[in-house]
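Have a look at this prediction, sequence included:
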Amino acid sequence: MLIINAKVWTMAGKTYENGFIQFLDGKIQEVGEMSRCPQDEVCYDAEGAVAVPGFIDAHCHIGMWEDGMGFEGDDGNEDTDPITPQLRGIDGVNPMDRAFKEALDYGVTTVVTGPGSANPIAGQLCALKTMGRRVDKLVVREPLAIKMAFGENPKNTYHEKDTGPVTRMAVAALVREQLTKARKYLEQMEKAQTEEDEEEPEYDQKCEALIPLLSGQVKAHIHAHRADDIFTGIRIAKEFGFGYVIVHGTEAHLIQEELLEEQAAVICGPLIGARTKPELAQASIQGPGLLSGAGIPVAICTDHPEIPCHYLLMSAQLAWHNGMDREKALEAITIQAARICGLEERVGSLEAGKDGDVLLFAQDPMETHFPPKAVFLDGKQVR
């Protein structure tokens with residue numbers, strides 16, 4: 001089918017003032033000016049609406065803490081063990097949580113969700129589309145990353161249980177211990193494949209879960225607010241040679257030069273809310289703009305349910321109104337979010353071969369107070 005007569009913002013360096021988008025088998029087949037629009041029996045006339053890629057919430061916990069459910073719907077933190085890399089977010093998500101529909105209504109078509117930040121190593125994040133009843137059919141990428149957390153959250157979680165870790169030193173030590181075990185486990189497995197007299201190690205689910213991280217298949221998404229916790233996460237990543245993304249980065253704008261030197265990327269958010277705990281004392285709505293202006297790749301997230309997913313566009317608008325370049329703010333919930341999360345081959349821009357996730361806004365999406373007038377997911381109109 002075709003979307004015709006749209007102002008197409010591809011987020012890939014091109015804008016078509018009066019353009020079309022063609023879908024085939026759920027993918028974008030072609031994007032261009034109406035002057036070379038192909039013929040199709042099924043057309044949606046955008047009537048001049050602005051077309052942008054579906055929004056990407058680069059870090060949230062949608063479906064893990066179900067809306068209005070309390071403990072019964074609380075599946076985000078397995079706080080009986082501080083080290084749980086074997087937990088898969090996909091096993092905790094309920095895609096029938098009404099928050100998914102609200103997110104889709106406001107243009108969020110892809111979310112990165114999974115375990116919370118109670119544990120130093122919390123488990124495996126996944127990227128999902130926001131419509132469907134069976135989570136297996138929503139998967140964009142799984143596992144997407146290993147979730148780690150430093151600072152106040154793991155400290156408080158286990159201090160309340162009168163057990164460790166209760167210091168930043170212990171949090172880091174537990175992470176190192178498990179990564180060292182996993183590295184030795186991987187080395188023994190590799191030897192067993194090349195040396196006849198070497199036996200494979202006894203199966204260890206925690207070590208197995210960390211092999212994709214240590215072999216470079218996935219990155220770590222590191223929950224860290226304070227600057228010292230950000231540096232601890234980077235230090236450990238460098239020690240073990242794995243890629244990483246800083247999540248939240250509340251004090252990241254205070255260490256711009258160091259993050260630029262490390263070529264670190266930051267997922268900022270939530271941007272709406274009060275400074276409700278000590279780690280947020282230096283929180284600033286100017287943070288994303290300062291980081292982006294310094295040349296650091298920035299995505300914006302909601303951290304749902306801290307801020308509901310459907311406020312993602314509002315978060316980008318607030319970042320723009322508080323110093324972030326307008327184009328960078330929109331990129332932070334589209335193509336830059338996709339790049340940071342390793343999803344750019346499928347989502348984040350309107351280009352041939354990518355998923356047919358398209359939003360149509362009656363006016364400039366960075367200035368509107370209204371949801372999109374139409375939402376297309378995998379080439380089908382769903383709203």
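In hand now; what should we look at?

helix or strand for M148, which one?
Per DSSP states H and E, M148 falls inside strand 139-149.

quick one: strands adjacent to that strand?
Note on strand 139-149: by DSSP bridges, its sheet partners are strand 121-129 (antiparallel), strand 219-224 (parallel).

who wins for proximity to G241 among those?
Closest to G241 of the strands paired with strand 139-149, according to Cβ to Cβ: strand 219-224, at 11.3 Å. For the C-beta atoms, the positions are set from N, CA and C on the backbone; glycine is no exception.

Now mean pLDDT and distance to M69 too, for the strands paired with strand 139-149, in JSON lines please.
Below are the strands paired with strand 139-149 laid out as JSON lines (pLDDT from 0 to 100; distance: least, Cβ to Cβ, whole Å):
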{"stretch": "strand 121-129", "mean pLDDT": "98", "distance to M69": "19"}
{"stretch": "strand 219-224", "mean pLDDT": "98", "distance to M69": "23"}
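
With distance to K155 and mean neighbour count as extra columns, can I get those strands in a markdown table?
A markdown table is the format used below for those (distance: least, Cβ to Cβ, whole Å; neighbours: other Cβ atoms under 10 Å):
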| stretch | distance to K155 | mean neighbour count |
| --- | --- | --- |
| strand 121-129 | 14 | 27 |
| strand 219-224 | 12 | 26 |
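
so can I have TSV of those strands showing distance to E327?
Formatted as TSV, the strands paired with strand 139-149 follow (distance: least, Cβ to Cβ, whole Å):
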stretch	distance to E327
strand 121-129	24
strand 219-224	25
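
Please tell me the pLDDT value assigned to D40.
Note for D40: predicted pLDDT of 77.

Pull the contacting residues for the residue nearest the centre of the chain.
The centroid of the chain falls nearest to A58 when counting by Cα atoms, centre = their mean (2.2 Å). Contacts here follow Cβ atoms under 8 Å, 6 or more residues apart in numbering; on that basis A58 touches V112, I267, A299, I300, C301, I333, A337, I340, C341.

So which of the residues you listed sit within helices?
Among the contacts of A58, the ones falling in helices (DSSP state H) are A337, I340, C341.

The last one touches A299, doesn't it?
Okay, so that is C341. Yes. Applying Cβ atoms under 8 Å, one finds C341 in contact with A299, separated by 7.3 Å.

Quick check: buried residues in the one helix or strand Q256 maps to?
Here Q256, judged by DSSP H and E, is contained in helix 256-262. Applying a neighbour-count criterion of 16 or more other Cβ atoms under 10 Å, one finds Q256, L259, E262 buried in helix 256-262.

and it, what other elements does it pack with?
helix 227-240, helix 287-293 (3 or more Cβ pairs under 8 Å, 6 or more residues apart in numbering; DSSP states H and E).

Mind putting these into CSV with distance to G26?
Shown next, in CSV, are the helices and strands packed on helix 256-262 (distance: least, Cβ to Cβ, whole Å):
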stretch, distance to G26
helix 227-240, 36
helix 287-293, 32
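
Give me the distance between Q39 and M1.
12 Å (Cβ to Cβ, to the nearest Å).

got it, and Y106?
23 Å.

The two: who's more crowded?
Y106 (22 against 18; other Cβ atoms under 10 Å).

Having no further points to raise, I will conclude here.
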